[in-house]
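J.: Provide a 3D model corresponding to the input given below.
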Amino acid sequence: MVSLSTWFRYIAHKLEYSVSLSWKSYKRGQITDKEVGNAVWKNLFQGKLTYMHWNKGEEMAPTIGAQGGTLLVRKLPATDPTRVFVGDVVVLKDPQNSDNYIVRRLAAIEGYEMVSKDEKDEPFVLEKDQCWVLADNENLKPKQEVNDSRTFGPVSMTDIAGRVIYSLRTAVDHGPVQNSHFSMRKDLPVLEVELDVDEMAKNHKA
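T.: Take a look at the predicted model:
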C-alpha cells in the first residue's frame, strides 16, 4: 500500500516531468503557447515515469546479470548535473552506434580532472555537459573486453536517456539498483508507485 505522502511526491515528479516535456515541445515549435497548458495536463495524466529496457552482456555484472536483465528505467526531465549524479547507473546512446543503447555507471561529470593509469595519456578536464561512464564488471579487461569511456572517451550528458532504478536478473533474483544517495531518494516514490515485478518477469528474455 503506497502512502499518501509518497503519492504526493510522485505527483510532484510527474508534474515536473510534464512541464519539462511540454516546454521542450513548445521550444521546438511542435505546440503553440496556448497549447502548453493542455499539454502539461495531458502528460501529467497519461503515461508513466518509467519504461522497461532489456540489457545483455557481462559489462554491468553483478548489478545486472551476466546473462542479461530486464531493467526499470526512470525518465528524466533533463540530464544535467542537478538531476543525474556520479554513481548513477544510466541508459545512454551507444557512442559507437547511435541506433543502440548501453547501460553504464556515471563515474565523472563536467569539471572533473581525468588522470589515466597509463603515463602516456595526458590528464584532461571534462568540459561542460560531458561525462565519463564505466562498466561495473571489474573482472573484464578495459579496452579489450569492455566498451566504456576508457574506449570511446567522454560522452555528452544529453545522450543519457534515463536512470536505471530496478534490475530483474531472474524471476527470483531482482532488486533496486544502487545509485547515488541523491538519486535513490528522489526515485523512491516513483519506484513504489510504478514497480510491477510480475510485469517485468513477463517481459524477461532470459
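
J.: from here on, just use CA atoms for contacts and neighbour counts.
T.: Noted.

J.: next, give phi and psi for Tyr26.
T.: Backbone torsions of Tyr26, given as degrees, to the nearest 10, read phi -70, psi -40.

J.: ok, it - contacts?
T.: Thr32, Asp33, Val36 (Cα atoms under 8 Å, 6 or more residues apart in numbering).

J.: in stretch 126-143, what's buried?
T.: Leu126, Asp129, Gln130, Cys131, Trp132, Val133, Leu134, Ala135, Asp136, Asn137, Pro142 (16 or more other Cα atoms under 10 Å).

J.: which element is Val19 on?
T.: helix 4-27 (DSSP states H and E).

J.: actually Asn43, not the one I wrote
T.: Using DSSP H and E, Asn43 sits within helix 36-45.

J.: for that helix, packing partners?
T.: Packed against helix 36-45 by the contact rule (3 or more Cα pairs under 8 Å, 6 or more residues apart in numbering; DSSP states H and E) you find helix 4-27.

J.: which parts of the helix it packs on are buried?
T.: Of all the residues in helix 4-27, those buried under the rule 16+ other Cα under 10 Å are 9-11, 13-15, 17-23, 25-26.

J.: restrict the helix holding Asn43 to CA atoms and write it as PDB.
T.: Presented in PDB, the C-alpha positions along helix 36-45 are these (Å, rounded to 0.1, in the frame of the first residue of the first chain):
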ATOM      1  CA  VAL A  36       1.300  24.400 -23.400                       C
ATOM      2  CA  GLY A  37      -1.200  24.200 -20.500                       C
ATOM      3  CA  ASN A  38      -3.200  21.400 -22.100                       C
ATOM      4  CA  ALA A  39       0.000  19.500 -23.000                       C
ATOM      5  CA  VAL A  40       1.100  19.700 -19.300                       C
ATOM      6  CA  TRP A  41      -2.200  18.200 -18.100                       C
ATOM      7  CA  LYS A  42      -2.200  15.600 -20.800                       C
ATOM      8  CA  ASN A  43       1.400  14.500 -20.000                       C
ATOM      9  CA  LEU A  44       0.600  14.500 -16.300                       C
ATOM     10  CA  PHE A  45      -2.400  12.100 -16.500                       C
END
